[in-house]
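1. the sequence and its predicted three-dimensional model are supplied below.
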Amino acid sequence: MAKENNVKLHGMWASPYVKRVEIALKIKGIPYEFVEEDLVNKSQLLLQYNPVHKKVPVFIHNGKPISESLVILKYIDETWKNGPPLLPQDPYKRAKVRFWTIFLFENLLSVARSEGEAQETASKVVFEKVKLLEEGMKDLFQGENHHIDGENMGILDVVLCSLFGAHKAQEEVLGVKFIDPEKFPRVCSWVTTLTEVTAVKEFRPPHEKLVVVLQFIRQRALQASAA
């Protein structure tokens with residue numbers, strides 16, 4: 001592919017949506033340039049590349065911008081065929097993985113942006129999703145242990161670790177424990193294994209810095225909702 005390595009990623013170091021793209025690029029072995037964005041004072045390039053949502057990540061391949069992390073992950077998998085696949089080759093397995101990926105995608109932000117009864121309601125939705133994933137893992141992996149390393153991480157692994165890889169910081173800021181080994185032993189084991197993969201550890205933000213950022217984001221969200 002001509003100019004295959006002409007890749008840039010506009011992102012913010014603490015964003016879980018950016019982290020999933022970084023991990024996917026690492027898995028695929030794709031070199032790229034990272035452009036750090038200030039989300040309080042967004043650059044003209046970011047606004048130009050993503051005029052609809054004005055958010056990170058924005059993935060730029062040969063000058064062509066692509067937005068939305070799941071769309072980017074699928075584009076990477078379809079474009080770079082030489083690296084490990086992010087989606088199964090079997091159509092049925094691929095469909096199941098896509099279902100769970102979309103199923104897990106949202107809801108954590110609603111917990112961060114609320115408090116009191118509203119946060120309890122939002123938390124119940126997340127708990128129910130994790131519970132269903134716990135039960136669905138039997139079918140997803142067909143009763144086998146899900147062995148994970150840097151060569152066989154798929155899109156569902158990437159999304160899960162981007163959402164819950166920083167669960168200890170989330171617990172500290174939100175006061176809610178989603179990854180509970182007693183309630184969800186399979187999911188907890190899955191997340192723990194993912195966080196030890198080299199491709200994930202390389203992009204893990206420092207706990208203390210992440211707590212500060214999450215507290216800032218939560219405070220701004222609560223102020224905005226109260227305005």
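-> Ah, there it is.

2. mind listing the helices for the chain?
-> 16-28, 44-49, 69-79, 91-104, 108-112, 116-140, 155-164, 167-174, 185-195, 198-201, 207-226 (DSSP state H).

3. looking at those, spot the one closest to Asn6.
-> Nearest to Asn6 among these is helix 69-79 (12.0 Å), distances taken as CB to CB. (Glycine included, C-beta is placed from N, CA and C.)

4. put the alpha carbons of the closest one into PDB.
-> Extracted C-alpha coordinates of helix 69-79, given in PDB (Å, rounded to 0.1, in the frame of the first residue of the first chain):
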ATOM      1  CA  SER A  69     -13.200   5.100  17.900                       C
ATOM      2  CA  LEU A  70     -15.100   2.000  16.800                       C
ATOM      3  CA  VAL A  71     -15.200   3.200  13.200                       C
ATOM      4  CA  ILE A  72     -11.500   3.800  13.400                       C
ATOM      5  CA  LEU A  73     -10.800   0.300  14.800                       C
ATOM      6  CA  LYS A  74     -12.700  -1.300  12.000                       C
ATOM      7  CA  TYR A  75     -11.000   0.800   9.400                       C
ATOM      8  CA  ILE A  76      -7.600  -0.200  10.800                       C
ATOM      9  CA  ASP A  77      -8.500  -3.900  10.700                       C
ATOM     10  CA  GLU A  78      -9.800  -3.700   7.200                       C
ATOM     11  CA  THR A  79      -6.900  -1.600   5.900                       C
END
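
5. tell me which residues of it are tucked away?
-> Ser69, Leu70, Ile72, Leu73, Lys74, Tyr75, Ile76, Asp77 (16 or more other CB atoms under 10 Å).
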